[in-house]
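Asks: kindly return the folded structure for what I paste below:
(chains A and B)
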Amino acid sequence: MVLEGKKKIEVYDTGGPRLTFSYGPQHPGTGHFRMIVTISGDTVVDLEPDPGFVHRGEEKMAEYKTWITNIPHLERPAILDAAGMVIPYCLTVEKLMDVEIPERAKYLRTIVAELDRIASHLYWFSLYGVFLGHTTMFLWCVSDREFILDISQLITGQRFTHAYYVPGGVRNDAPKQVPKGLVKEFKYYYSRLIGKEPSQEELSEDFNKYVLAVTHFMDLRLDHYYEMFFNSEIFLERVRNIGVLKREDAIKLGVPGTTLRASGVKYDTRVNDPYDAYPFLKFEIPVRNEGDCYARAIVGYQEIRESLKIIRQAVEQMPEGPFKLKQHPVVIKVPKGEALGRAEAARGEIIYYIVSDGTDKPYRLRMITPSFRLLPALKHLTIGARIADIPPIYWSLNYWPVEADR
Amino acid sequence: MTWEKLRKIIDDVKEKFGEDLVREVYVEGKIAKIVVKKESIVEVATYLRDTHKFDHVKGVTGVDLSRLREGGGPYIEVLYHLGSLEDPELDDVILNMSVILDIENPMMNSLYSIWPSVEFHEREVYDMLGVIFNGHPKLERILLPEYWMDIPPLRKEYKVPGRE
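Replies: Coordinates of the predicted model:
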């Protein structure tokens, strides 16, 4: 039988019996997060997000720890995006202390922030894929991510949660050399996946050249991702025209990050309120107008390309010099006052509001994370959708429960 | 440029509302804050949204001022971090609008009808500091467990077990 075109299936609320159930927190599709879903047939007629399962009281904890010992626990809400969590904290503390960090530190911060953004986005796509029945994407993203994390490790000493940023600069400098074993491993991996050996020019133990080679490799792999995932029917059928967030709704609900840009608003803190080395670098802000789950994924995908561009430029332009103002003692005192700082984390704009009363600890530290700001959008998009559309909508928003709960 | 515009907006609000604006903090590059009287918060918020295009709230913060060494007292300050996406001149600044409430009976009008983006943020402030927002559609616990019976944890008098 030949079907004449595709028929749009619509399910209406028949007014019949309704069923209310918990979607999560044990459900593998949500993480540590619950949605209380009410359905009629298979249409969602009501949905109430219920966060808080991984609330750790970061804000209260910050009042008990000193300005420096706050750094490691503040990056816990999104361990893959530790840079995104801590940069605005450092920016805000620097505002309170009235200090300007050295040029080299700005570039190093930018490089690690972009590496974290890529790692975080790759992890996002791996989970996005696996919950839409595309397991290959999970395996590809997670294995390619290793080489990004290796660079993070070379610079900071840790693959993630590196506590690399301190008020006044960064903790240590980038190395000059890359271990031989890593280059050998990368060469093997490169030739197996790309189908040819990397050129001798590219493969060097020099740190800068190695970073350029890895970014080049990731660029080639992104083409593979497009063919395999973003242009595959398995994916497209689940995400196109699903969960459409209109421009005016996106603004009204106050959503940040990729979700906002996928709804046609060109807004990125890296450009609109530039910090660190971003004003010196050239990159585009990917924007789509459709506002559906597909647009949100593609915006994230294009952001990885832009991040690679930023890393390449930053590595080439990075000046020599000191990487922090001075060696801080563990206990510093911050002048009294209040300040507000923000940065673009992988999931969107993150804001810190800090009140200091001149002691060695913050009087009040408030972190406003992008995931928490996605909750109204999640509610808005899922009501009226079908149960099968909840996973694509949920994952396209890139909501991260731990980051929302803090 | 945009900080200058913010300065003008603050002056404009001051001119329009006069005594309703209790205090202002303006340190360029650091923070811009207006402290508004509790009774007129809805009017000021509506004015800022309609006239100056502050179209969304980025977050709501509650601060317990009772232990602040200077300028503290038995009060809770609730700050709304306002942002604008429609006005390209305001995209690199955040205007903070705050209200000072009495710590014994912290109660104010919800701004949900003006900015729907405050829904979960106000719930969090209710949860963490016990501020009651009148007119909020669903003022319930959000991050703390439903069985939480202690005082709100972000109040300074709350002691974290094992820490003090």
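
Asks: just the pLDDT at the residue in the stretch 151-300 of chain A positioned nearest to chain B, thanks.
Replies: Nearest residue of the stretch 151-300 of chain A to chain B (C-beta to the nearest C-beta) works out as residue A:254 at 3.1 Å. C-beta here means a position set from N, CA and C on the backbone, and glycine is covered the same way. On pLDDT, residue A:254 comes in at 88.

Asks: go on, residue A:263?
Replies: pLDDT, read off for residue A:263, is 91.

Asks: kindly report the same for residue A:12.
Replies: 54.

Asks: repeat for the one 3 residues further on
Replies: Looking at residue A:15, its pLDDT reads 59.

Asks: what sits closest to whichever residue of chain B sits closest to chain A if chain neighbours are left out?
Replies: When distances are taken as C-beta to the nearest C-beta, chain B reaches nearest to chain A at residue B:117, 3.1 Å away. Closest residue to residue B:117 apart from its sequence neighbours, by C-beta to C-beta, 6 or more residues apart in numbering or on different chains: residue A:254 at 3.1 Å.

Asks: residues contacting the helix or strand where residue B:51 lies, please?
Replies: Using DSSP states H and E, residue B:51 falls within helix B:41-52. Applying C-beta atoms under 8 Å, 6 or more residues apart in numbering or on different chains, the contact partners of helix B:41-52 are B:9, B:12-13, B:16-17, B:20-21, B:34, B:36, B:54-55, B:80, B:82, B:84, B:87, B:90, B:95, B:97, B:99, B:108-109, B:111, B:114-115.

Asks: how far away from the center of its chain is that helix?
Replies: If you compare the mean C-alpha spot of helix B:41-52 with that of the full chain, they lie 14 Å apart, counting by C-alpha atoms, centre = their mean, to the nearest Å.

Asks: okay, buried residues for that helix please.
Replies: For helix B:41-52, the neighbour count (16 or more other C-beta atoms under 10 Å in any protein chain shown) marks B:41, B:42, B:44, B:45, B:47, B:48, B:49, B:52 as buried.

Asks: using PDB, list the CA coordinates for the following helix or strand past that helix.
Replies: Next helix or strand after helix B:41-52 toward the C-terminus (DSSP H and E): strand B:56-64. The C-alpha trace of strand B:56-64 is given here as PDB (Å, rounded to 0.1, in the frame of the first residue of the first chain):
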ATOM      1  CA  HIS B  56      11.900  39.200  31.800                       C
ATOM      2  CA  VAL B  57      13.200  38.500  35.200                       C
ATOM      3  CA  LYS B  58      16.500  36.600  35.300                       C
ATOM      4  CA  GLY B  59      16.100  35.600  38.900                       C
ATOM      5  CA  VAL B  60      14.800  36.500  42.400                       C
ATOM      6  CA  THR B  61      17.100  36.600  45.300                       C
ATOM      7  CA  GLY B  62      16.300  36.800  49.000                       C
ATOM      8  CA  VAL B  63      18.800  38.100  51.500                       C
ATOM      9  CA  ASP B  64      18.500  38.000  55.200                       C
END
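
Asks: quick one on the thing from earlier: surely the residue of chain B closest to chain A touches residue A:376?
Replies: Yes - if you go by C-beta atoms under 8 Å, residue B:117 and residue A:376 touch, sitting 6.2 Å apart.

Asks: what about stretch A:95-107, start to end distance?
Replies: Chord length of stretch A:95-107, first to last residue, is 19 Å (C-alpha to C-alpha, to the nearest Å).

Asks: buried sites along that stretch?
Replies: Buried-residue list, stretch A:95-107, by 16+ other C-beta under 10 Å: A:95, A:96, A:97, A:101, A:102, A:103, A:104, A:105, A:106, A:107.

Asks: which residues in chain B form helices?
Replies: B:2-17, B:41-52, B:119-129 (DSSP state H).

Asks: name the residues that touch the longest one?
Replies: Pointing back at helix B:2-17 there. Residues contacting helix B:2-17 (C-beta under 8 Å, 6+ apart): B:21, B:24, B:26, B:28-29, B:32, B:34, B:36, B:40, B:43-44, B:47-48, B:51-52, B:89-93, B:95.

Asks: quick check: angle from that helix to helix B:41-52?
Replies: 130 degrees (axes from the mean of the first three to the mean of the last three C-alpha atoms, to 10 degrees).

Asks: then the last one?
Replies: With the same axes, to 10 degrees as the basis, helix B:119-129 and helix B:41-52 are set at 140 degrees to each other.

Asks: which residues touch the spatially most central residue of chain A?
Replies: Nearest to the geometric centre of chain A sits residue A:346, at 2.3 Å (C-alpha atoms, centre = their mean). By C-beta under 8 Å, 6+ apart, the residues touching residue A:346 are A:78, A:80, A:81, A:84, A:116, A:117, A:120, A:121, A:124, A:257, A:398.

Asks: now with 10 Å?
Replies: Taking C-beta atoms under 10 Å, 6 or more residues apart in numbering or on different chains, we find residue A:346 in contact with A:78, A:80-81, A:83-85, A:113-114, A:116-121, A:123-124, A:257-258, A:300, A:303, A:307, A:370, A:398, A:400, A:403.

Asks: quick one on the thing from earlier: tell me, how many residues neighbour the residue of chain B closest to chain A?
Replies: For residue B:117, the number of neighbouring residues by other C-beta atoms under 10 Å in any protein chain shown comes to 25.

Asks: ok, it touching residue B:60?
Replies: Yes - counting by C-beta atoms under 10 Å, residue B:117 does reach residue B:60; the two are 9.5 Å apart.

Asks: list the residues that contact both of the two?
Replies: residue B:111.

Asks: quick check: which ranges of the stretch 1-150 of chain A have low pLDDT?
Replies: Residue ranges of the stretch 1-150 of chain A with pLDDT under 70: A:1-16, A:27-30.

Asks: okay, helices next: where are they in it?
Replies: A:58-62, A:70-74, A:82-97, A:103-131, A:135-156 (DSSP state H, counting those that start in this stretch).

Asks: hmm, the first one in reach of chain B?
Replies: It stands for helix A:58-62. Yes - among the residues of helix A:58-62, A:59, A:60, A:61 lie within reach of chain B under C-beta under 10 Å from any C-beta of the partner chain.

Asks: adding neighbour count and distance to residue A:166, write those residues out as TSV.
Replies: As requested, the residues of helix A:58-62 next to chain B are exported to TSV (neighbours: other C-beta atoms under 10 Å in any protein chain shown; distance: C-beta to C-beta, whole Å):
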residue	neighbour count	distance to residue A:166
A:59	19	20
A:60	18	22
A:61	17	18
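
Asks: out of those residues, which is nearest to residue A:236?
Replies: residue A:59 (41.0 Å; C-beta to C-beta).

Asks: how near is that closest one to residue B:61?
Replies: 9 Å (C-beta to C-beta, to the nearest Å).

Asks: tell me, what's touching those two both at once?
Replies: A:364, A:365, A:366, A:367, B:124, B:128, B:154.

Asks: which single one of the residues you listed is nearest to residue A:71?
Replies: Nearest to residue A:71 among the shared contacts of residue A:59 and residue B:61, with distances taken as C-beta to C-beta, is residue A:365, at 11.8 Å.

Asks: quick check: neighbours of the host helix or strand of that closest one in the sheet, parallel or antiparallel?
Replies: Assigned by DSSP H and E, residue A:365 belongs to strand A:364-368. Paired with strand A:364-368 in the same sheet, following DSSP bridges, are strand A:348-356 (antiparallel).

Asks: so how far is the strand it pairs with off the chain centroid?
Replies: With C-alpha atoms, centre = their mean, you get 17 Å for strand A:348-356.
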